[in-house]
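Peer 1: let me see the structure of the following:
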Amino acid sequence: MKRYLSLLEKDVKPNDILMVTFTNNAAAELRDRIRDAMSKAGRVNEINSIRTSTFDALCLKIVLGSPDVVSRFFDIKPILSRRARLVDNESLNREHFMLFYSDFINEHGHRYRKDGNDVTALMGGLSDDLYKLINKIMARGIIPLRFEWFMDGESLVRGKTNNLENALSNLEMKDVRKKILDLEKGDECAIPAEILEAMSPEKEEIAPEMYGKLANDDKRFLMLEFVRDIYFAYIERSVRDNRLTFGLTALFAFAILYTDERTRKLHSVEHMMVDEFQDTNELQMEICLLLLKKPNLCAVGDWKQGIYGFRYVSPDNIINFETKTKRLIRVLNRDLERIPFEVPKEFSKIPLEENYRSSALVIEKSFKALDARTRKDENIDPIEKNPDIIMLRSSGSPLRNEYTGFDMIRGESREDQQRAILDKIKDYVFSGDYKIVDDGKIRDVRYGDIAVLCRNGDFCRSLKELADKEGVHAFLHGDVEIMSTREGKLVLAWLRYVNNESDIRGKAAILADMGASLSYIDSVLGRDGGEGVMPRNLSDHRLALLRKRRRPNDLITSIFEFYGLSNDITQAVTTVLSRAYSGSLITISDLIRLIEDDIKNKTKYNVDALVSPDAVTIQTAHSSKGLEFPIVIVAGLDSGSFPSTRTDPESLYFDEEFGVRCKKEYYSKTDGGCPS
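Peer 2: Predicted coordinates:
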């Protein structure tokens, strides 16, 4: 904000300054603070020219302003219109892709069955991984054209084969040999003779040319062709359907800015400021550069806070800001001047050394955490020797330092940990031993002062359920798997029962939630030989809900009213399900499928608290960025779990070094192939 006001004092116009952040709340807060500052400075007449935006809103504005340019860039017949709909429900987007994928395979699948290789068979069980891969390389700025990749996309998806050869050559011969020979023993796998010869016990090492054959497998090129073609066809289908996702919106915004000079000039600015720059991806960085009239990009961020992995964000954008900026300007101006300034010879780096939120003790502990090893054999240089790490100073109230404490609690099991957390919360609130510094005054601790940060949504949900039983006021906040909560599962159960009076899963879940015994549930379901009849109040409620089947909002609200439930989760569930099919004819089967998909894929939705502010906040660590609380409990700090040491579970993935790779590959004995 200080930089913004300083630019105004230098006679830079507000409409020539663009401030971009990642959330609507952050953008609104920034706009309000600048508005207040400008009012105090007597610049009321310029307030309406303030330009703040999220990346998503900025890209959507660009796309809907010049939608026809998208077709020009991709050279496709369908034309996007200004009525294009942005669908933010991930389950619906995945479903749309799966329907498209099925159509594509039916129409074009034969093209990818060549010389005994069947890419479609390989991808048959990897369609979800393919969807994730396309979104990942989309965010990375890798763009398909009809018969080739855009710019350097070809080299990126192929990867650096020399590096792969080196990686293979560093493997232990005995480990490679054992894996290959174990595969050969299987009934369905045949290893080519040249591979078996290279793996024979008489060989002490693998011949160098064999690494080249493994790293440059011709079969993989057919797979890359398939990925490019289906990615391109997915874009064409989305344009035809007038349908946008967040990823497609950013991709189309880049395509428009890259192609259309008029749009670039319309949206260009002299100064651009981006907050949380460590959370940007390559495509967003390219969009920033294409919007600039002059070399005035102010990137504010902290690489140590680069904890996100969605949309392929990378702290590399801020760690190597100077190198990447020079490279991208050179690439974007390769055939035409799109960025109207020379690459700056000097880049200004301004370290932020003061922390206005935290006490000295909290800062000390957080910096010591940077020395923590994620595995036993990891070697880490002490942070004192790293010139890129600046020790912050606490600039808060001296009282805050006096009343700051640090404690550790051990629990042998997950349930032990959660009970210990709730006991500690009660101790904070009721013992009288702890105080809060609030505007320079000392007061007692309240529930609303406390936040519990968890590794994942599952821990959050189970802790919230235990808190309810223990009488601790708490609510879930941030990104939550709402369909996996009790509220979400109750809606699913009732929808199944309403849709089909004989649905066993729906009826069993409803009865189990009421605390019915297994023997009683078996009796009601007719498993004990009887006819089985649902209790009258439940069957009557089903009939009432059935009359509302065409009004999803009323239907879902009535389910929650039956249980007397009204909280942040019920509101979120109702909103998501009502919005999912807005403007279209919806069936109960549609709602059931959406909830089932959300549970299966662990889909998260943002939940805003609607309960009393005097309640403990429970949320994931990822959704807590930018927030502050007087008391923070970090839960589940188990070795290998927080931080997680699990590898990427996808079988189809993109790696900066090795390109697009598939961990699984199937060859039959008759094909005479081998896994690789």
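Peer 1: what number of residues lie near G411?
Peer 2: G411 has 15 neighbours, counted by other C-beta atoms under 10 Å. C-beta coordinates here come from the backbone N, C-alpha and C atoms, glycine included.
Peer 1: quick check, pLDDT for it.
Peer 2: Looking at G411, its pLDDT reads 88.
Peer 1: where's it relative to L422, distance?
Peer 2: When C-beta to C-beta, to the nearest Å is the yardstick, G411 and L422 sit 11 Å from each other.
Peer 1: and if you look at L244?
Peer 2: 43 Å.
Peer 1: neighbour-wise, which of those two wins?
Peer 2: Counted by other C-beta under 10 Å, L244 and L422 do not tie: L244 has more neighbours, with 25 against 21.
Peer 1: wait, the more buried one sits on L86?
Peer 2: Yes: L244 lies in contact with L86 (C-beta atoms under 8 Å); the separation is 4.5 Å.
Peer 1: which residues do these two both contact?
Peer 2: Residues touching both L244 and L86 by C-beta atoms under 8 Å, 6 or more residues apart in numbering: L60.
Peer 1: tell me where the model's unsure across the stretch 101-250 of the chain.
Peer 2: Low-confidence segments of the stretch 101-250 of the chain, defined by pLDDT under 70: 161-219.
Peer 1: 80 - rerun?
Peer 2: Within the stretch 101-250 of the chain, the stretches with pLDDT under 80 are 114-117, 122, 124-125, 160-220.
Peer 1: which helix in this structure has the most residues?
Peer 2: For the chain, the helix with the greatest residue count under DSSP state H is helix 218-240.
Peer 1: if we go by neighbour counts, what in that one is buried?
Peer 2: 219-220, 222-224, 226-239 (16 or more other C-beta atoms under 10 Å).
Peer 1: before we move on, what about stretch 522-541?
Peer 2: Neighbour-count burial for stretch 522-541, counted by 16+ other C-beta under 10 Å, picks out 522-525, 532, 534, 538, 541.
Peer 1: repeat that for stretch 407-423.
Peer 2: 417-418, 420-422.
Peer 1: could you do stretch 507-518 as well?
Peer 2: By neighbour count on 16+ other C-beta under 10 Å, the buried set for stretch 507-518 is 507-511, 516.
Peer 1: quick one: which of those is nearest S102?
Peer 2: Proximity of the buried residues of stretch 507-518 to S102 (C-beta to C-beta) peaks at A509, which lies at 30.5 Å.
Peer 1: grab the nearest non-local neighbour of that closest one.
Peer 2: A493 (3.6 Å; C-beta to C-beta, 6 or more residues apart in numbering).
Peer 1: tell me the SS of the one you found?
Peer 2: Using DSSP: H, G, I helix; E, B strand; the rest coil, the structure places A493 in helix.
Peer 1: what about it, how many neighbours?
Peer 2: Using other C-beta under 10 Å, A493 is surrounded by 22 other residues.
Peer 1: got the contact list for it?
Peer 2: By C-beta under 8 Å, 6+ apart, the residues touching A493 are 505-507, 509-510, 513.
Peer 1: re earlier: other SSEs contacting the helix or strand just after the longest helix of the chain?
Peer 2: From helix 218-240 onward toward the C-terminus, using DSSP states H and E, the following helix or strand is strand 243-244. Contacts defined by 3 or more C-beta pairs under 8 Å, 6 or more residues apart in numbering; DSSP states H and E place strand 243-244 against strand 85-86.
Peer 1: and the helix or strand just after the strand it packs on with helix 218-240, angle?
Peer 2: Moving toward the C-terminus from strand 85-86, the next helix or strand (DSSP H and E) is helix 90-108. Taking axes from the mean of the first three to the mean of the last three C-alpha atoms, to 10 degrees, one finds helix 90-108 and helix 218-240 inclined to each other by 120 degrees.
Peer 1: contacts for the very next helix or strand once past helix 90-108, please.
Peer 2: Of the helices and strands lying after helix 90-108 in sequence (DSSP H and E), the nearest is strand 113-114. With contact meaning C-beta under 8 Å, 6+ apart, strand 113-114 is reached by 119-120, 222.
Peer 1: if we use 10 Å, what do you get?
Peer 2: Residues outside strand 113-114 that contact it (C-beta atoms under 10 Å, 6 or more residues apart in numbering): 119-121, 219, 222, 225.
Peer 1: just flag the most distant two among those.
Peer 2: That would be A121 and E225, which, of the contacts of strand 113-114, are the farthest apart (C-beta to C-beta) at 15.5 Å.
Peer 1: once you drop chain neighbours, what's closest to I105?
Peer 2: Nearest to I105 is T120, by C-beta to C-beta, 6+ apart, at 5.7 Å.
Peer 1: tell me how many other residues crowd that neighbour.
Peer 2: T120: 15 surrounding residues under other C-beta under 10 Å.
Peer 1: ok, it - contacts?
Peer 2: So T120 contacts 104-105, 108-113, 226 (C-beta under 10 Å, 6+ apart).
Peer 1: if we go to 7 Å?
Peer 2: 105, 109, 112-113 (C-beta atoms under 7 Å, 6 or more residues apart in numbering).
Peer 1: look up how far Y234 lies from it.
Peer 2: 16 Å.
Peer 1: now swap in D302 and tell me
Peer 2: From D302 over to Y234 (counting by C-beta to C-beta), the distance is 35 Å.
Peer 1: for M273, same thing?
Peer 2: 34 Å.
Peer 1: S539 now?
Peer 2: 45 Å.
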